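>>> task: produce atomic coordinates for the following.
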Amino acid sequence: MTFSLQSSDTGSNARAGLITTDHGEIATPVFMPVGTAGSVKAVHIRDVDEDVKARIILGNTYHLYLRPGLDVLREAGGLHKFNGWHKPILTDSGGYQVYSLTDRRKMKEEGVVFQSHIDGSRHLFSPERVMDIQRIIGADIIMAFDECTPYPCEYDYARKSMELTHRWLDRCIQRFGETENPYGYSQTLFPIVQGSIYRDLRIVSAEKIASCNAEGNAIGGLAVGEPTETMYEFTDLVCSILPKDKPRYLMGVGTPVNILESIALGVDMFDCVMPTRNGRNGMIFTSEGIINLKNEKWKADFSPLDPNGTSFVDQAYSRAYLRHLFVAGEMLGPMIASQHNIAFYLWLVDEARRRISEGTFAEWKSVMVKRLSSRI
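This is a model prediction of the structure:
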């Protein structure tokens, strides 16, 4: 994988770049639709590619390991061939999912023993095992195995967790270096900065991750319940330490406003389930603000979903029609709303990239943040 910086904003730390992988190029800033189990919920893989025009999607190690399982993925030739997506894929290590299974897992130096949420069977995720699993899944970018600390979190716990994550990272790097992709193309390992909301821990972790000289780096353990301003504070801090010539990935973030503010701090890559999760519940994002389609006010509103045309579906369906689909319980409603939301997120980062290149990002962002925060 390679990364080249193409332009920078004069009024912020925002930048536009280009990631090149064996499965194609990724213009940054980029939003990555989440395909946890190998599919983006409620959206056909063809539409994610041709209509939404996503450049990269996510898969999740924990879920894909449990279903369909490694034997199936190996026999298929990896996730790309299994789900028909031929552009880049990034896989989370499963650390966040294991973190969320507080009553079903036991952590130790070796790794994490956990019970499947599907059938209760017991499994071990060690750094070495997670590297092997992600090799078989075959993502272009794979994540180091880490512990995502909760919020709030006591200092001593955060410190011990960070130190464990660093020891696991060393083992991930060693295992990654000892193995190869079974399908003949290259893969890239991203380490993850942790340290909760403690400034000294974040500095130590960011310096550790920077010293690994990986081809890209991730920021984890944020967007887990802390105040938004705290998230921005620590994102800014970590970005000031991580190498400028490597892509920075802020994991699990977030709202359109979160994304714009974080781009301004120097983040290049984002993922979040919000576009599809909110879409399935009747909430859509537009360039003028947020719309709850279930509200009565849209019953006879025949205007496009977004008059500014941020999604190809804007001119095809009215707000009234989409509301009707939700009220009638038609599955097409969540499908259209999810597809629109993903397309809107992709429009947002593409427009940010264009503004960065033109040198107008900071001014444009200040206007958009106010609009995107409002409910229509």
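>>> what's near enough to touch residue 242?
For residue 242, the contact set (CB atoms under 8 Å, 6 or more residues apart in numbering) comprises 193, 206, 209-210, 217, 219, 248. The way it works is simple: take the backbone N, C-alpha and C, and place the C-beta from them, glycine included.
>>> got the residues you listed as a markdown table, with secondary structure and distance to residue 357 columns?
Shown next, in a markdown table, are those (DSSP: H, G, I helix; E, B strand; the rest coil; distance: CB to CB, whole Å):
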| residue | secondary structure | distance to residue 357 |
| --- | --- | --- |
| 193 | strand | 28 |
| 206 | helix | 28 |
| 209 | helix | 28 |
| 210 | helix | 27 |
| 217 | strand | 24 |
| 219 | strand | 24 |
| 248 | strand | 19 |
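>>> closest to residue 334 out of those?
When these are ranked by distance to residue 334 (CB to CB), residue 219 comes first, at 30.7 Å.
>>> I'd assumed residue 249 was in contact with that closest one.
Yes - look at residue 219 against residue 249 with CB atoms under 8 Å: they come within range, at 6.9 Å.
>>> identify the contacts common to these two.
Joint contacts of residue 219 and residue 249 (CB under 8 Å, 6+ apart) are residue 267.
>>> from the chain's centre, how far out does whichever strand or helix holds residue 174 sit?
Assigned by DSSP states H and E, residue 174 falls within helix 155-178. When distances are taken as CA atoms, centre = their mean, to the nearest Å, helix 155-178 is centred 21 Å away from the chain's centroid.
>>> so which elements touch it?
When contacts are defined as 3 or more CB pairs under 8 Å, 6 or more residues apart in numbering; DSSP states H and E, helix 155-178 packs onto helix 127-137, strand 188-190, helix 199-211.
>>> packing partners of the helix or strand following the first one?
Per DSSP H and E, the first helix or strand lying C-terminal to helix 127-137 is strand 141-143. Other elements packing on strand 141-143 under the criterion 3+ CB pairs under 8 Å, 6+ apart are strand 89-92, helix 127-137, strand 188-190.
>>> pick out the most distant pair among the contacts of residue 242.
By the measure CB to CB, the contacts of residue 242 have their two most distant members at 210 and 219, which lie 11.8 Å apart.
>>> who's more crowded, the two?
residue 219 (30 against 17; other CB atoms under 10 Å).
>>> chain center to the strand or helix carrying residue 284, what's the gap?
Assigned by DSSP H and E, residue 284 belongs to strand 283-286. Relative to the chain's own centre, strand 283-286 is displaced by 19 Å; criterion: CA atoms, centre = their mean.
>>> tell me which residues touch the residue lying closest to residue 327 once chain neighbours are set aside, please.
In space, residue 327 comes closest to residue 294 once its chain neighbours are excluded; the distance is 7.2 Å by CB to CB, 6 or more residues apart in numbering. With contact set as CB under 8 Å, 6+ apart, residue 294 has these partners: 282, 323, 326-327.
>>> tell me how many other residues surround the nearest residue to residue 58 once chain neighbours are set aside.
Spatial nearest neighbour of residue 58, excluding adjacent residues (CB to CB, 6+ apart): residue 34 at 4.8 Å. Per other CB under 10 Å, the neighbour tally for residue 34 reads 24.
>>> next, give phi and psi for residue 34.
phi -90, psi 120 (degrees, to the nearest 10).
>>> what's the distance between the residue lying closest to residue 118 once chain neighbours are set aside and residue 41?
In space, not counting the residues next to it along the chain, residue 118 is nearest to residue 66; the distance is 5.8 Å by CB to CB, 6+ apart. To residue 41, residue 66 is 17 Å away according to CB to CB, to the nearest Å.
>>> what does residue 371 give?
Separation of residue 371 from residue 41 (CB to CB) stands at 27 Å.
>>> who has more neighbours out of the two?
residue 41 (19 against 15).
>>> would you agree residue 140 is in contact with residue 20?
No - Residue 140 lies out of contact with residue 20 (CB under 8 Å); the separation is 10.2 Å.
>>> common neighbours of those two, please.
Contacts common to residue 140 and residue 20, judged by CB under 8 Å, 6+ apart, are residue 1.
>>> who has more neighbours out of those two?
residue 140 (23 against 13).
>>> tell me the helix or strand right after the longest helix seen in the chain.
For the chain, the longest helix by residue count, based on DSSP state H, is helix 332-358. Downstream of helix 332-358, the first helix or strand assigned by DSSP H and E is helix 361-372.
>>> report all helices and strands that that next one contacts.
Judged by 3+ CB pairs under 8 Å, 6+ apart, helix 361-372 is in contact with helix 256-265, strand 289-292, helix 332-358.
>>> where's residue 312 relative to residue 341, distance?
Here residue 312 is placed at a distance of 13 Å from residue 341 (CB to CB).
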